[in-house]
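Peer 1: Attaching a predicted model along with its sequence, questions to come.
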Amino acid sequence: MSSTSFGKKATELVKEIASSVESSASPSSIPPYNDELVRSILEEVKAHNQESRSLLKKLKQVPEESEEKKGITAAIQTHHHSILRNKKALMIYLNERMKRIQSLRWTLGVGLPDSISENLSHSERDYFTGYSKILNKYMGKKEGINMNLILDRDPPKEHKVQVRCTKDHGVIYFKDGVVDLKKDSVHLLRREEAQPLISEGVLEKLDDT
C-alpha cells in the first residue's frame, strides 16, 4: 500500500456527496449510492489494520530507543490515523445520505419514485421504510398526536387548495368525487389529497388558501 494514496478514496467520496448538494436546489436530492467506492475504502481500512498488526509484531523484536523502533512506531501511527480518517469520511457520507432520506419522507410521502429508490442501497431503503413507520405512528390517531405534520409547516387557512395540472395524469378518485387530471386543468382539491401530487410535480398550487 502506497502512503501517497492514503485517504484519496475517502476524500473522493466526501467530494461526491458535497458536489451533489451544490448541483441541486433540492435538499432531498440524493445521488446513487457508491457501493464500489465504499467497499474499496473498507478494504483500505482492513489493509491498514493488517499492516498495523504486522508492524506491532515487528516492533516487539527491535531494540528499545533504536531508530528502527521509532520509524516503526511512526508508521503504526500513520496507519492508525489513516483508519480514523477513512472512518470519518464514511460517516460523513452515510450521515448526509441519511438526512436526505429523512427529507424524502417529508417531501414525497411514503412512496418513493423509482428514479429515487434505485439510487438507494438496500439498507437505505429499509431505513426509509422504518423511518416512515415511526413518523406515521407519531402522527397517528391511536398512538400519536393525531396530526399530519407533512401537509403544512404553518397551519393552513383552508382545507382545500386550488391547483393546476402540469401534465395529463388520468382519472383520480378523491373523497369529493372523480376528477380527470388533464394538463392545464384547474381544480379545487382537499389539501391532504393534493399534496402528494404536488410533491410529484403532477399538480402546482395556485394560491395559499
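Peer 2: Nice, thanks for sending it over. Numbering: from 1, shown residues only.
Peer 1: biggest helix in the protein, by residue count?
Peer 2: helix 67-108 (DSSP state H).
Peer 1: For the lowest-mean-pLDDT helix or strand in the chain, which helices and strands make contact with it?
Peer 2: Least confident helix or strand, the chain: helix 191-200 with a mean of 85, by mean pLDDT, DSSP states H and E. Here helix 191-200 touches helix 67-108, strand 160-165, strand 203-205, going by 3 or more C-beta pairs under 8 Å, 6 or more residues apart in numbering; DSSP states H and E. No exception for glycine: its C-beta is placed from N, CA and C like everyone else's.
Peer 1: Go again with 7 Å.
Peer 2: strand 160-165, strand 203-205 (3 or more C-beta pairs under 7 Å, 6 or more residues apart in numbering; DSSP states H and E).
Peer 1: any idea which of those is most buried?
Peer 2: Among these, the stretch with the highest mean neighbour count (mean count of other C-beta atoms under 10 Å) is strand 160-165, at a mean of 19.
Peer 1: so can I have TSV of the helices and strands packed on helix 191-200 showing distance to residue 133 and mean pLDDT?
Peer 2: As requested, those are arranged in TSV below (distance: least, C-beta to C-beta, whole Å; pLDDT from 0 to 100):
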stretch	distance to residue 133	mean pLDDT
strand 160-165	27	90
strand 203-205	27	90
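Peer 1: can you pull the buried residues of the one helix or strand residue 38 maps to?
Peer 2: Here residue 38 sits within helix 35-59, counting by DSSP states H and E. Along helix 35-59, these residues count as buried under the neighbour rule (16 or more other C-beta atoms under 10 Å): 37, 38, 41, 44, 45, 48, 51, 52, 55.
Peer 1: on that earlier part again, looking at the helices and strands packed on helix 191-200, spot the one closest to residue 128.
Peer 2: Of all the helices and strands packed on helix 191-200, strand 203-205 sits nearest to residue 128, with 23.5 Å by C-beta to C-beta.
Peer 1: Which strands or helices does that closest one pack on?
Peer 2: strand 160-165, helix 191-200.
Peer 1: Now the helix or strand just after the shortest one - C-alpha only, CSV.
Peer 2: To tie it back to what came earlier, the one meant is strand 160-165. Next along the chain after strand 160-165, taking DSSP H and E as the criterion, comes strand 170-174. The C-alpha trace of strand 170-174 is given here as CSV (Å, rounded to 0.1, in the frame of the first residue of the first chain):
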residue,chain,number,x,y,z
GLY,A,170,-55.8,10.5,-15.9
VAL,A,171,-58.8,10.0,-13.7
ILE,A,172,-58.3,10.1,-9.9
TYR,A,173,-60.9,9.1,-7.3
PHE,A,174,-60.9,11.7,-4.5
